[in-house]
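Chemist: Sequence plus the predicted model coming up.
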Amino acid sequence: MLNIVNVPRQTPLSLSHGIGDNGLKAIEEFKKAVPGSLRNRFLVRLAHDPTEAILSTAEEQDINTMLVDFSFLRNNRKLLSLTTCDIVGIRLRKHFEQDISQMIISYDKGRHSDLGLEIGHALSSTNDSKIRIVRGVVEDPDDEIEVVNRINDKMLDLDLKKIQFEKVYGGGNIIPELLKNFKKDKSALLVLGAGNQSESAFSPKTLEIVDKTNKSVIIVRNHRFSGVHTRSFFFALIPRLREIKILYRLYMDLMQIFYSSRAKARKGRYDEKF
């Protein structure tokens, strides 16, 4: 849990220790409100730029998955372009406890939807929620068969059984039909992938659904290298370097013994000769 205290730029961070007290109080209040919070780690960070604080923490702590308020994440190009971990954007409604009892996972065949299915499965296991997978059909029949096979494979990997799966068909625009399908559940948590796009962090279709639905939403963005960090490389390399260093020292010790023994042997023969 990261709590960032925004410090005015005209105030040096070295002189802002008193400002951090508010962050500590917020953490203490959070611990009292959330059951089992003692098992979690908490960090209060003073920063002039909250985005820089998040990026630094993700790198220093080897974070693989980040949960962020979607309103802060949506237009934060710096965070979206520089982070090296999976990002889960969250937009909650007032009745989130009711919403999480029923989950709708919108599957669009990309790696983002795969991660969304994994997160939805994890949440449903914890909260005993029902899951409904919805697929908006926009591909050719042959491509759709591959998508359905991919969903089945993912469900087998996650050991998901007796899950409701629905296909939604539309004309040129699938979004209205998807929104109509989502309205079947009065209360539900909607899980969306970031979308299959290369020019932006979130596809226009994903953003349109977020703007038009009245449900709590989780938007999942799967980074290709979420498990790879500079520090991870460094710490993985250290044991190898240590092994090489030990072997090198052993080699040098053996060579030193070998050459010293040869020197003594030569010295003995030299004395015998003269």
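Modeler: Okay, I see it. Numbering: from 1, shown residues only.
Chemist: going forward, measure contacts between C-alpha atoms and count neighbours the same way
Modeler: Fine.
Chemist: any idea how far residue 184 is from the nearest residue to residue 7 once chain neighbours are set aside?
Modeler: Leaving out its chain neighbours, the residue that sits closest to residue 7 by CA to CA, 6 or more residues apart in numbering is residue 48, at 5.0 Å. Residue 48 sits 45 Å away from residue 184, going by CA to CA, to the nearest Å.
Chemist: With residue 130 instead?
Modeler: From residue 130 to residue 184 the distance is 14 Å (CA to CA).
Chemist: any idea where the helices of the chain begin and end?
Modeler: Chain-ordered helices for the chain, with DSSP state H as the definition, fall at 20-33, 50-60, 70-73, 77-82, 96-99, 111-127, 141-157, 175-182, 204-212, 230-273.
Chemist: Can you report how many residues neighbour residue 211?
Modeler: For residue 211, the neighbour count with other CA atoms under 10 Å is 9.
Chemist: oh, I was asking about residue 112
Modeler: A count of nearby residues for residue 112, using other CA under 10 Å, gives 24.
Chemist: Please apply the same query to the one 10 residues further on.
Modeler: Around residue 122 sit 14 other residues, with neighbours defined as other CA under 10 Å.
Chemist: same deal with residue 23?
Modeler: Neighbours of residue 23 under the rule other CA under 10 Å: 20.
Chemist: Pull up the gap between the closest residue to residue 123 other than its chain neighbours and residue 35, please.
Modeler: Closest residue in space to residue 123, ignoring its immediate chain neighbours: residue 129 at 7.5 Å, by CA to CA, 6+ apart. Distance of residue 129 to residue 35, given as CA to CA: 19 Å.
Chemist: For these two, indicate the residue with more neighbours.
Modeler: Applying other CA under 10 Å to residue 129 and residue 35 shows that residue 129 carries more neighbours, namely 19 against 9.
Chemist: Give me the phi and psi for that one.
Modeler: Main-chain torsions, residue 129, degrees, to the nearest 10: phi -90, psi 160.
Chemist: That one touches residue 99, doesn't it?
Modeler: No - Residue 129 is beyond contact range of residue 99, at 9.4 Å (criterion: CA atoms under 8 Å).
Chemist: what about the lengthiest strand in the chain, distance to the chain center?
Modeler: Using DSSP state E to define each element, the chain has its longest strand at strand 130-137. Counting by CA atoms, centre = their mean, to the nearest Å, strand 130-137 is centred 22 Å from the centre of its parent chain.
Chemist: who's more crowded, residue 48 and residue 184?
Modeler: residue 48 (17 against 9).
Chemist: show me what contacts the more buried one?
Modeler: 6, 7, 8, 9, 13 (CA atoms under 8 Å, 6 or more residues apart in numbering).
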